[in-house]
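Q: Pasting the sequence and the predicted coordinates here, then a few questions.
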Amino acid sequence: MKRMWTYRRSKIAAPILMVAALFTLSAAFGVASAIPNKQTVMGTATSPLVSQGKEVFLRGCSSCHGLNAEGGGIAPSLIGVGAAAVDFQVGTGRMPLADMSQQAMRKKPLYSPAETAVLAAYISSLAPGPAAVTNASLTFERDGNSAEGGQLFRTNCAMCHNFAGQGGALTGGKYAPSLMGVEPKYIYEAMVTGPQSMPKFTNATISAKEKLSVIKWIQDANHEQNQGGASLGRTGPVTEGLLVWTLGIGLLIGIAVWLTTKAK
């Protein structure tokens, strides 16, 4: 015991203990890092899809997003965006985009669903991110609440997409697209990825169940019949007021012209 106490009192004891502690911590971290997480296992299990997706990426996306999806001067990094962002952007035809300075518009997809799937598998293998979904996996018809979804939409989305989901103008020449006719999976993926000017709605902001309610309300609004005749674009009192004023003033002018003509 006396000899051990003497060693502990030595000047080199503290540095030796520090080095030993650092070595132990680094070894433990290395062992923990070697354990494959869910994302690594998924990438290994789908390695043929990942390799095919890399080929598609190098052929059609690397010129803007970089050879390793690290991003560049005209396009952002895709590391960590997840399969949901790829499925949304490519599946809706927004990507690839010829002019990155312009807002990406929904159009006919350039890639097939199979190519989009392998591309999403490759991007998701680079780093964890939101997973892509399917229309069948979204149980909004069963678990969604249309009334709650309408309230959530008016609180979080109506200022850009219009209170009826018809879209609207934003600053800087940008616009929020209409949500009519959009597949449910793309609405969900847009909420979890936040494309372009749209904010990202995490589960802390809008829970997964509340997202289903929002989707249910949008789908109900999409199929809602116009009980009062023409919808006038469902853009609210602006178009309705303009129509009334145009017809009303036009009618008054017509009456005035008719009266003066009759008087002559």
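A: Nice, I can see it. Numbers count the residues shown, from 1 in each chain.

Q: Near residue 248, how many residues? Count them for me, please.
A: 10 (other CB atoms under 10 Å). Where you see a C-beta, it was placed from the backbone N, CA and C, and this is true even at glycine.

Q: Repeat that for the one 4 residues further on.
A: Each residue near residue 252 was counted by other CB under 10 Å, and the total is 10.

Q: Quickly find the element holding it.
A: Secondary structure from DSSP states H and E places residue 252 in helix 237-263.

Q: What segments of the chain are helices?
A: Per DSSP state H, the chain carries helices over the ranges 2-8, 13-34, 38-45, 47-60, 62-65, 82-91, 113-126, 140-143, 146-156, 158-161, 184-193, 208-222, 237-263.

Q: now, of those, which is deepest in the fold?
A: Of all the helices of the chain, helix 82-91 carries the top mean neighbour count, a mean of 25, counting by mean count of other CB atoms under 10 Å.

Q: Contacts for that one next, please.
A: Applying CB atoms under 8 Å, 6 or more residues apart in numbering, the contact partners of helix 82-91 are 78, 94-96, 104, 109-111, 113, 116-117, 119-121, 123-124, 128-133, 185-186, 189-190, 192-193, 195.

Q: Could you tell me the angle between that helix and helix 113-126?
A: Counting by axes from the mean of the first three to the mean of the last three CA atoms, to 10 degrees, helix 82-91 lies at 150 degrees to helix 113-126.

Q: isn't residue 191 right up against residue 211?
A: Yes - using CB atoms under 8 Å, residue 191 is in contact with residue 211, at 5.6 Å.

Q: Next, show the common contact partners of those two.
A: By CB under 8 Å, 6+ apart, residue 191 and residue 211 have these common neighbours: residue 201.

Q: for residue 110, what are its contacts?
A: 90, 93, 96.

Q: Distance to residue 63 and pLDDT for those - can I get that in JSON lines?
A: Listed next are the contacts of residue 110 as JSON lines, based on distance: CB to CB, whole Å; pLDDT from 0 to 100:
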{"residue": "90", "distance to residue 63": "15", "pLDDT": "96"}
{"residue": "93", "distance to residue 63": "18", "pLDDT": "95"}
{"residue": "96", "distance to residue 63": "9", "pLDDT": "91"}
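
Q: I'd like the residues you listed as CSV, with distance to residue 180 appended.
A: Shown next, in CSV, are the contacts of residue 110 (distance: CB to CB, whole Å):
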residue, distance to residue 180
90, 21
93, 17
96, 25
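
Q: wait, which of these is closest to residue 245?
A: Nearest to residue 245, judged by CB to CB, of the contacts of residue 110 is residue 93 at 38.6 Å.
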